[in-house]
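Undergrad: Would you be able to build a 3D model of this:
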Amino acid sequence: MHGNSSSPEGLLGLEKGIYADPVAYTLAKSNIDVIIPIKYDMYTKEEADSITVRVAVSTNTTFEALEQMKIKGLIEMLRIDGIKPSLHGFSHGAWQALIAAQLNEINNLYYQDFLINPVKVFDQEMAGFYTDYNVSINDLYDYPQSLMRAKTNSISILLGKKSDYSKDALFINKIRDKITNMNNKSVNKKIDFIWYDGKHYISD
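TA: Sure, this is the predicted structure:
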């Protein structure tokens with residue numbers, strides 16, 4: 001599940017994507033079956049707001065919920081063939097993969113480079129649906145709770161050592177400490193924090 005502002009060429013590494021990391025191509029070359037659900041560009045405020053309003057009026061749902069319906073449909077199709085897939089999410093696609101892992105049983109979750117502090121990152125320039133909630137933004141982006149609720153026992157959190165998305169070490173350490181404490185009080189869930197050399201893109 002890729003990030004925003006991506007083209008099929010960027011997803012395959014044929015051109016440099018803005019928020020696409022062509023890991024899918026690498027996986028496919030390693031004889032791993034890959035499905036890429038092409039997602040909406042949710043950083044384009046005008047497009048996002050207008051589509052969100054139309055969708056909300058006609059289906060009584062949200063833009064993010066539409067993505068989850070798409071993912072759930074794909075997972076259900078695979079389940080008919082006896083396949084329980086793993087999810088790899090990059091950038092904003094990682095956030096959507098984390099939501100999907102709470103709604104669907106999966107083998108593994110690979111969560112790449114989106115452990116951001118929402119209070120610092122989400123501001124007035126971002127699309128409205130990131131911040132227009134009747135709950136605390138901290139509650140909405142409670143990463144430890146979301147990771148513990150994922151319907152998988154194996155989660156790999158991949159973080160770029162020089163990535164702007166992973167630079168808040170204090171925030172990330174708090175998440176890791178809270179997960180450790182939660183694991184000590186409940187069923188043990190394997191959640192690994194893996195740092196890779198480079199910035200946002202693991203393919204670099």
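
Undergrad: which residues of the chain score low on pLDDT?
TA: Flagging of the chain using pLDDT under 70 yields the residue ranges 17-19, 40-57, 59-63, 122-138, 186-187.

Undergrad: any chance you could map the strands in it?
TA: With DSSP state E as the criterion, the chain has strands at 87-90, 109-112, 154-160, 190-196.

Undergrad: List the neighbouring strands of the third one plus their orientation.
TA: When pairing is defined by DSSP bridges, strand 154-160 lines up against strand 109-112 (parallel), strand 190-196 (parallel).

Undergrad: Could you pull up the residues touching the spatially most central residue of the chain?
TA: The chain has A94 as the residue nearest its centroid, 1.5 Å off, counting by Cα atoms, centre = their mean. By Cβ atoms under 8 Å, 6 or more residues apart in numbering, the contact set of A94 is 1, 111-114. (Each C-beta comes from the backbone N, C-alpha and C, glycine too.)

Undergrad: now do 10 Å
TA: A94 is in contact with 1-3, 87-88, 109-115, 157-158, 165, counting by Cβ atoms under 10 Å, 6 or more residues apart in numbering.

Undergrad: hang on, the earlier thing: need the strands paired with strand 154-160 in a markdown table (columns: mean neighbour count and distance to D33).
TA: Formatted as a markdown table, the strands paired with strand 154-160 follow (neighbours: other Cβ atoms under 10 Å; distance: least, Cβ to Cβ, whole Å):
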| stretch | mean neighbour count | distance to D33 |
| --- | --- | --- |
| strand 109-112 | 26 | 15 |
| strand 190-196 | 15 | 23 |
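
Undergrad: Just put the strands of the chain in CSV and tack on distance to I179.
TA: Shown next, in CSV, are these (distance: least, Cβ to Cβ, whole Å):
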stretch, distance to I179
strand 87-90, 18
strand 109-112, 12
strand 154-160, 9
strand 190-196, 6
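
Undergrad: So which of those is nearest K29?
TA: strand 87-90 (14.7 Å; Cβ to Cβ).

Undergrad: M182 and F114, how far apart?
TA: Using Cβ to Cβ, to the nearest Å, one obtains 20 Å as the distance from M182 to F114.

Undergrad: Specify which residue of these two has the higher count of neighbours.
TA: Counted by other Cβ atoms under 10 Å, M182 and F114 do not tie: F114 has more neighbours, with 24 against 16.

Undergrad: So that one sits against S91, correct?
TA: Yes: F114 is within contact range of S91, at 5.7 Å (criterion: Cβ atoms under 10 Å).

Undergrad: what touches both of the two?
TA: 3, 163, 165, 200.

Undergrad: The third one: neighbour count?
TA: Read it as Y165. Y165 has 18 neighbouring residues, counting by other Cβ under 10 Å.

Undergrad: which residue packs closest to it, ignoring adjacent ones?
TA: D113 (4.8 Å; Cβ to Cβ, 6 or more residues apart in numbering).
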